[in-house]
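below: sequence and its predicted model.
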Amino acid sequence: MSRFFTTGSDSESESSLSGEELVTKPVGGNYGKQPLLLSEDEEDTKRVVRSAKDKRFEELTNLIRTIRNAMKIRDVTKCLEEFELLGKAYGKAKSIVDKEGVPRFYIRILADLEDYLNELWEDKEGKKKMNKNNAKALSTLRQKIRKYNRDFELEAHLLNWECMTELSGGGVGWTDGWRASMIVLSLPSVQNPEQSADEDAEKNEEDSEGSSDEDEDEDGVSAATFLKKKSEAPSGESRKFLKKMDDEDEDSEDSEDDEDWDTGSTSSDSDSEEEEGKQTALASRFLKKAPTTDEDKKAAEKKREDKAKKKHDRKSKRLDEEEEDNEGGEWERVRGGVPLVKEKPKMFAKGTEITHAVVIKKLNEILQARGKKGTDRAAQIELLQLLVQIAAENNLGEGVIVKIKFNIIASLYDYNPNLATYMKPEMWGKCLDCINELMDILFANPNIFVGENILEESENLHNADQPLRVRGCILTLVERMDEEFTKIMQNTDPHSQEYVEHLKDEAQVCAIIERVQRYLEEKGTTEEVCRIYLLRILHTYYKFDYKAHQRQLTPPEGSSKSEQDQAENEGEDSAVLMERLCKYIYAKDRTDRIRTCAILCHIYHHALHSRWYQARDLMLMSHLQDNIQHADPPVQILYNRTMVQLGICAFRQGLTKDAHNALLDIQSSGRAKELLGQGLLLRSLQERNQEQEKVERRRQVPFHLHINLELLECVYLVSAMLLEIPYMAAHESDARRRMISKQFHHQLRVGERQPLLGPPESMREHVVAASKAMKMGDWKTCHSFIINEKMNGKVWDLFPEADKVRTMLVRKIQEESLRTYLFTYSSVYDSISMETLSDMFELDLPTVHSIISKMIINEELMASLDQPTQTVVMHRTEPTAQQNLALQLAEKLGSLVENNERVFDHKQGTYGGYFRDQKDGYRKNEGYMRRGGYRQQPSQTAY
């Protein structure tokens, strides 16, 4: 029957209930619930009654078992979790521990765990290979275990004597107890650390050997059976206090280790008396002998040798078992994280006949894993390369090799999963080599046709009687190669040697494009030829042809040139190449984008080589400026670059007005860096989010295509100075004077606001200082500010023909300074000699005569030329400053009167000479006078 219906004596009930775990009914509980009804089978089952000590200790041993398993697999995170649970479980058993004492298996796990953590901490290489969670858990658990062990100092003092007095019957060897107490007391560890490490390894091995026995009796496991260990030889420290054990003690060593600190079977007074007597006998026995003789030392040494031999036998046995297990295949090191289920495609089995169908089937198997999560892209590329070797060794034909090569190049492009990332140098080198090998095969085998329009079902890879047909587009691969090269250059530091090394690869890229161009000119369509021509143009238009430029400067002398120089000069000029490629695109292309890009590149190339009139005419005839705002951003960036290069070309030719007009839109916006695709300006997050910024960064042009922004701004400001200063001098008193360049006026105002004027340092300060000198007619000071060593290094030396540009600038400064001088001081002179002006500005007399004649014709200067005396006679028609102010006042008063009359007419109801009549509506008032009032008209009769 159930214990709920037991009727026995009071003593029986008290004894039975004392060891049971009683569940008390809470006060105020839910009494409306039905009682739990038990079946007869459940009532007849035998109930196991355990003491509270057994339950708590079993909970501790289960947690210890989990910790030891985690230690074996190096799962420090699990050790940390279980250690925290172990501390909580020990806290629950605190009352029992205070009564019975700290169990030795608890001290042992603390000691083993601290040794284990110290070993992991000292293993530097192992710590580097740990994942993030285990490394963090190792640091945390190491601190916790050291702090936790210091809390056991009081218990360790008591345990130290208990361990020594219960050597023969306590269940824990002297070394274990002494080591545990020493670790808890934070004292130096055992004298022989190598030996202790071996002992720890032995314990782990013995635990693994005894795991099968523990699994059989897992339900009724106890602390003693769980912590079953063999006793260890006493250390040198313990031999100072202990004497040699008898042979009987050695025979009973295993039985002693099987017992824990307490069997827990009985707890009567008679047992305690027997234990006290046993402890007294053990103490007296302990005090009798000491291992000081030579025989004792020899016996202990022999015992250690036997132990080492057993350990070596166990290790060799374990290695043999591992070798037997590894016969099926080698162990593979797996990566941390979530395990991904994948199978590495195996190559052909031994004895398989290698045919076209087998290779194509294997190729499709490899390609099926393309794009899937967890696919090793590097391994996929290696398998494809191995497949090419197998196909070549078995002479399967060039068609199969070409098909595999196409897939290898595509896999190299797909190696980076992110669009923004660029190819690694080794992958980039493989890609170039693979494309060159593919082109070699295509040129060596004219009977192979490749194209996107070839279906996989209609491919012919091995039938030599018919032309080989392979699905694939070589032009698409080359365009993708060009995009990858651009990304590599965009993501490399332009001021490093690495950028120079990558830039050397452009020669290989251009060579591949030329080879594909020759191939497509023979077998490609018109659209494909236009696309490859555009690629060739994009790699040519921004490069200055120094060889052609040198040939233009030096006339050909066939007798004095070597054969090598003649061979170089026989090469096609970039101008001729651009002309041929662009004209083909103008005639054959059907898409506006390719033709637009070709026109812009052609204009850029003309402007770069100072062919101003060809570049200007091509720009005006194309009418690109009318609808360029509808083009995509890369084309707009190319248009901006072309306009800037056109303006710089006009400046080199001395056409300052054309240069200013070409650069006005770019420079007036204040966003030249962004409009030219050479960088991003700092914007608020509201105007541009992160995704838009990534897209704009991909549009940036590489550094070797950049236009010097300081040179661009200097050209614009100097052009504005040469236009604005004479205009300001001519219209100094004009109230309706307009500004030619707002940016130039802004720089002038900034210079005027400076309280202390020092020598100019930046490029802008040099231009402002030169402008002030030109305004006074001092051309020499202006020349010294514009052309000097600092400005030469920053700007003028960057031009291909720097000396010609400097000469042109000096001439322009002299001419515009002369014009400014005449505008400013014409009211002072009655007449002035042209020879004097020629000497003052170091210009020849015809040039001075030409400048003054143009000014008189354009009515800019009110004067006349006296040819016999070579003088300029001023007419003095220009008003003085006081007269100018009076004229301005009269003009403003007149505008004020007109405004008042307009307001008065609005109030009176008149509108444009009409007034309102009550009968006839609006009627024209012919007697209305401009200054107010009505004029009487003579009466007329109609007889």
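All right, it came through fine.

longest helix anywhere in this structure?
For the chain, the longest helix by residue count, based on DSSP state H, is helix 294-325.

quick one: list the elements packing against that one.
Helix 294-325 sits against helix 193-209, with contacts defined as 3 or more Cβ pairs under 8 Å, 6 or more residues apart in numbering; DSSP states H and E. Just so you know, the C-beta spots here come from the backbone N, C-alpha and C atoms, and that holds for glycine as well.

pLDDT (mean, whole number) over the helix it packs on?
The predicted model gives helix 193-209 an average pLDDT of 43.

same thing with stretch 549-560?
Stretch 549-560 carries an average pLDDT of 62.

how about stretch 424-440?
90.

pLDDT score for E343?
pLDDT, read off for E343, is 49.

wait, what's in contact with Y413?
Contacts of Y413 were listed using Cβ atoms under 8 Å, 6 or more residues apart in numbering, and they are 423, 431, 480, 484.

can you pull the buried residues of the longest helix of the chain?
For helix 294-325, burial by neighbour count (16 or more other Cβ atoms under 10 Å) applies to 296, 300, 307.

not counting sequence-adjacent ones, nearest residue to K403?
V470 (5.2 Å; Cβ to Cβ, 6 or more residues apart in numbering).

can you redo the buried residues of helix 294-325 as JSON lines with pLDDT and distance to V767?
Listed next are the buried residues of helix 294-325 as JSON lines, based on pLDDT from 0 to 100; distance: Cβ to Cβ, whole Å:
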{"residue": "D296", "pLDDT": "72", "distance to V767": "102"}
{"residue": "A300", "pLDDT": "78", "distance to V767": "97"}
{"residue": "K307", "pLDDT": "79", "distance to V767": "93"}
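
in TSV: the residues you listed, plus distance to E58.
What follows is these, written out as TSV (distance: Cβ to Cβ, whole Å):
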residue	distance to E58
D296	41
A300	37
K307	32
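
strands of the stretch 751-900 of the chain, residue ranges please.
With DSSP state E, counting those that start in this stretch as the criterion, the stretch 751-900 of the chain has strands at 831-833, 863-866, 871-874.

so is L680 in a helix, a strand, or just coil?
Classification of L680 using DSSP: H, G, I helix; E, B strand; the rest coil returns coil.

related to what we said a few turns ago, buried ones from the contacts of Y413, can you make that a ChimeraX selection?
Remark: buried members of the contacts of Y413, expressed as a ChimeraX selection using 16+ other Cβ under 10 Å:
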select :423,431,484
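
what two of the contacts of Y413 are the furthest from one another?
Pairwise distances across those (Cβ to Cβ) peak at 10.5 Å, for the pair M423 and R480.

beyond the longest helix of the chain, next helix or strand please.
helix 356-368 (DSSP states H and E).

flag every buried residue along that following helix.
Buried residues in helix 356-368, counted by 16+ other Cβ under 10 Å: 356, 359-360, 362-363, 366.

and the angle for the very next helix or strand once past it with helix 356-368?
Following helix 356-368 in sequence order, the next helix or strand is helix 377-393 (DSSP H and E). For helix 377-393 against helix 356-368, the angle by axes from the mean of the first three to the mean of the last three Cα atoms, to 10 degrees is 170 degrees.

so for helix 377-393, what's the average pLDDT?
86.

which strands and helices lie in contact with that helix?
In terms of contacts (3+ Cβ pairs under 8 Å, 6+ apart), helix 377-393 is packed against helix 356-368, helix 398-413.

nearest to H609, out of those?
Smallest distance to H609 across those (Cβ to Cβ): 35.8 Å, for helix 398-413.

relative to helix 377-393, how tilted is that closest one?
170 degrees.

tell me how many other residues crowd P868.
5 (other Cβ atoms under 10 Å).

phi first, then psi, for it.
Backbone geometry at P868, expressed as degrees, to the nearest 10, gives phi -60, psi -40.

show me where the stretch 601-750 of the chain has helices.
Using DSSP state H, counting those that start in this stretch, the helices of the stretch 601-750 of the chain run over residues 612-622, 624-627, 633-652, 656-668, 672-675, 690-698, 709-730, 742-753.

packing partners for the fifth one?
Using 3+ Cβ pairs under 8 Å, 6+ apart as the contact criterion, the neighbours of helix 672-675 among helices and strands are helix 633-652, helix 709-730.

domain parsing for this structure?
Using the TED database, the domains assigned to the chain come out as 53-161, 354-498, 708-831.

for the ones you listed, give me CSV that also has distance to D592.
Below are the domains of the chain laid out as CSV (distance: least, Cβ to Cβ, whole Å):
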stretch, distance to D592
domain 53-161, 54
domain 354-498, 19
domain 708-831, 29
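
which one of the ones you listed lies nearest to Y541?
domain 354-498 (14.1 Å).

end-to-end on the closest one?
From its first residue to its last, domain 354-498 covers 44 Å (Cα to Cα, to the nearest Å).

how about stretch 671-680?
9 Å.

tell me the buried residues in it?
Here stretch 671-680 shows 672, 674-678 as buried, counting by 16+ other Cβ under 10 Å.

check those residues and tell me the two furthest apart.
Farthest-apart pair in these is A672 and G677; separation 10.6 Å (Cβ to Cβ).
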